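*Asks:* After the sequence you'll find the predicted model.
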Amino acid sequence: MPSGSKIKQRIWEVLEPAGDGDRTSRFCDVFILALIALNVLAVIIETIPYVHEHHATPLRIFDLVSVIIFTIEYFLRIATCTVDPRYGNHFSGRLRFALRPISLIDLFAILPFYLPFVGVDPRALRMIRLMRIFRILKAVRYVSSLELIKRVLHSKREELAVTFFIMMFLIVISATVLYYCEFPVQPEHFSSIPASMWWSIATLTTIGYGDIYPITIIGKICASIIALLGIALFALPTAILGAGFIEQIHRKKNLEKCQICGKEFKTDSSPGLE
């Protein structure tokens, strides 16, 4: 194997989440995670007026250094991704790699810094700078528990979609019922079905801010039923996600990785015959 290919392979291994015994890759992971955490902290404290007025320069220098590091990391990933057989083609492989959700997160982490240089409206600069908070999403690559959440959401997407549909259906129905019950006596609060949806969402999510509430007898009866339905409804996603986490944890215990290709395969955890 040519030395250039070996270098590319090693860069890819270092940038990807560390394998067992790879101290260099582990150090890189910890360094990037620490940098992400410091970036999020910098965005938060920058919003404090005193810090913004008296200590803006150090924060901007830190942001510049962070962007340089994240940019180098991003382009090194694009340059070396072809060592992975899934992205072996020099053009289409890199394009597929760049369009992955996790790669797009890496891109959006550095994009806010460069947008002002391409003629973005200065009035939007503050919002663009606040977009740096989304650098925290880069941590998804390194935190295994976040990968577990992604697998749970993917495996239970159909059940969650059905629950979401039921939720939206109940919001519309409850808002319609309360509109017809309360509009004659509270036209300023229940002025339309869309306006009544605020009450419906606040009630079904059991938040109940109290800024809008029914005052008629029939409205109170309907609201009580809707509130009870809300408690039962929001227990559904909890049960679905709980079952998904249990399934994924058991699945992870029964999976091992191939030492050659890195792919996972299922192992037989049942005891052998004597």
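*Replies:* Okay, I see it. Numbering: from 1, shown residues only.

*Asks:* would you list every one of the strands in this structure?
*Replies:* Along the chain, counting by DSSP state E, strands occupy 255-257, 264-266.

*Asks:* and the first one, what's its mean pLDDT?
*Replies:* Okay, so that is strand 255-257. Strand 255-257 carries an average pLDDT of 54.

*Asks:* What of the last one?
*Replies:* On average, the pLDDT along strand 264-266 is 53.

*Asks:* most centrally placed residue in this structure?
*Replies:* When C-alpha atoms, centre = their mean is applied to the chain, the residue found nearest the centroid is residue 137 (6.3 Å).

*Asks:* Quickly note the distance from that residue to residue 101.
*Replies:* 9 Å (C-beta to C-beta, to the nearest Å). Glycine gets a C-beta too; all of them are placed from N, C-alpha and C.

*Asks:* in this protein, what spans have low per-residue confidence?
*Replies:* The chain contains residues with pLDDT under 70 at 1-4, 18, 119-131, 143-146, 254-274.

*Asks:* And it, what are its domain boundaries?
*Replies:* Listed domain ranges for the chain are 3-142, 157-266 (source: automatic domain parsing).

*Asks:* Residue 148 is nearest to which of the ones you listed?
*Replies:* Closest approach to residue 148 among the domains of the chain (C-beta to C-beta): domain 157-266, 5.7 Å.

*Asks:* now the helices: where do they sit in the stretch 51-200 of the chain?
*Replies:* 56-80, 92-98, 101-114, 125-130, 144-155, 157-182, 193-204 (DSSP state H, counting those that start in this stretch).

*Asks:* Give me whichever of these is most buried.
*Replies:* Greatest average neighbour count among the helices of the stretch 51-200 of the chain goes to helix 193-204 (a mean of 19), per mean count of other C-beta atoms under 10 Å.

*Asks:* If I take that helix and helix 157-182, what angle do their directions form?
*Replies:* When axes from the mean of the first three to the mean of the last three C-alpha atoms, to 10 degrees is applied, the directions of helix 193-204 and helix 157-182 differ by 120 degrees.

*Asks:* name the helices or strands packed onto helix 193-204?
*Replies:* Judged by 3 or more C-beta pairs under 8 Å, 6 or more residues apart in numbering; DSSP states H and E, helix 193-204 is in contact with helix 157-182, helix 217-253.

*Asks:* quick one, what contacts the residue nearest to the centre of the chain?
*Replies:* 105, 108, 109 (C-beta atoms under 8 Å, 6 or more residues apart in numbering).

*Asks:* Any figure for the gap between it and residue 36?
*Replies:* With C-beta to C-beta as the criterion, residue 137 and residue 36 are 9 Å apart.

*Asks:* Likewise for residue 248?
*Replies:* The gap separating residue 248 from residue 36 is 25 Å, by C-beta to C-beta.

*Asks:* okay but residue 13 is in contact with residue 22, surely?
*Replies:* Yes. Between residue 13 and residue 22 a contact is recorded at 6.7 Å, counting by C-beta atoms under 8 Å.

*Asks:* thinking again about what came up before, distance to residue 63 for the helices and strands packed on helix 193-204 - can I get that in JSON lines?
*Replies:* Formatted as JSON lines, the helices and strands packed on helix 193-204 follow (distance: least, C-beta to C-beta, whole Å):
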{"stretch": "helix 157-182", "distance to residue 63": "36"}
{"stretch": "helix 217-253", "distance to residue 63": "36"}
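
*Asks:* now for these, which one comes closest to residue 51?
*Replies:* Nearest of the helices and strands packed on helix 193-204 to residue 51, taken as C-beta to C-beta: helix 217-253 at 38.1 Å.

*Asks:* how distant is that closest one from the center of its chain?
*Replies:* On the basis of C-alpha atoms, centre = their mean, to the nearest Å, helix 217-253 sits 21 Å off its chain's mean C-alpha point.
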